[in-house]
Each structure stands twice: as C-alpha cells, then as structure tokens.
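*Asks:* coordinates only, no sequence provided:
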C-alpha cells in the first residue's frame, strides 16, 4: 500500500480472513459508525473477544476507534479499503477478447487450442459478439 497507510496488504487480508472480523466489518459498513454494545448483541462471541477482533482490525488500519465516555465506536477507514481495491485491480490483467483458432491475437501470433463452436441461431454478418476473459 502507499506510504500514508503504512500497512501491508498481507496484514489486511489476515485481518479480513476471520469470519467474526468479516461480520464486524460488514456491520460497520452498513451502519457507518457502530457502537461496541451493538456488536455484543449481533456477534456470537463475548465482549472481550469482540474487543480482540476490533483491535486486530484497528491494527490492520481497517477501522477507526472513537471512545466517548465508556463506549467505543467503530467506523471503516475508506481510504485504506479504496487503496486495497486499487492494488487488487493492478494485479488483474486487462480483459482481452476471445478469438477463434485460426485468427491472430493482437500480438500477431496464431491462437492455439481447439476450434470453438459457434452458437446455433440466426447470423448477422454485420455484428459479431465479443467475449472478454481475465
């Protein structure tokens, strides 16, 4: 991730990999800001366990914690989530059209593999469908 977040993606994925933490993230996302007391009613674990999971999410940079009196309130860090999504997009190649055997790819090389069958039905020679794959 960038220098402002200071958190590696692996730490974030580790934090999101637990079903309880994922549930907490989804509930915070739905509410905008969520009190710890609300999570005590919706997450099937004890209060100390909720605090443990919230601490992991906070250490990963995924949530903000605000204390007001004796209550803790959690909100998502949208900037960290957006950066994570952007980095995931960088990993995925650009969609490319699927072509039939005998045609050439964009780089000029012939397409290997079996011949793909065309769908039965009326043909419009003026238009041809393109299938994109990742």
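*Replies:* Yes, it's here. What you see is a predicted model; the values in this text were computed from it and never measured.

*Asks:* strands along this structure, start to end?
*Replies:* 33-35, 63-68, 71-76, 96-97, 132-133 (DSSP state E).

*Asks:* ranked by average pLDDT, which of these falls at the bottom?
*Replies:* Ranked by mean pLDDT, the strands of the chain bottom out at strand 132-133, which scores a mean of 57.

*Asks:* could I get the strands of the chain as JSON lines with mean neighbour count?
*Replies:* C-betas here are computed from N, CA, C, even on glycine. As requested, the strands of the chain are exported to JSON lines (neighbours: other CB atoms under 10 Å):
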{"stretch": "strand 33-35", "mean neighbour count": "16"}
{"stretch": "strand 63-68", "mean neighbour count": "14"}
{"stretch": "strand 71-76", "mean neighbour count": "17"}
{"stretch": "strand 96-97", "mean neighbour count": "12"}
{"stretch": "strand 132-133", "mean neighbour count": "8"}
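
*Asks:* make JSON lines from those and add distance to residue 41 to it.
*Replies:* What follows is these, written out as JSON lines (distance: least, CB to CB, whole Å):
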{"stretch": "strand 33-35", "distance to residue 41": "10"}
{"stretch": "strand 63-68", "distance to residue 41": "18"}
{"stretch": "strand 71-76", "distance to residue 41": "14"}
{"stretch": "strand 96-97", "distance to residue 41": "48"}
{"stretch": "strand 132-133", "distance to residue 41": "45"}
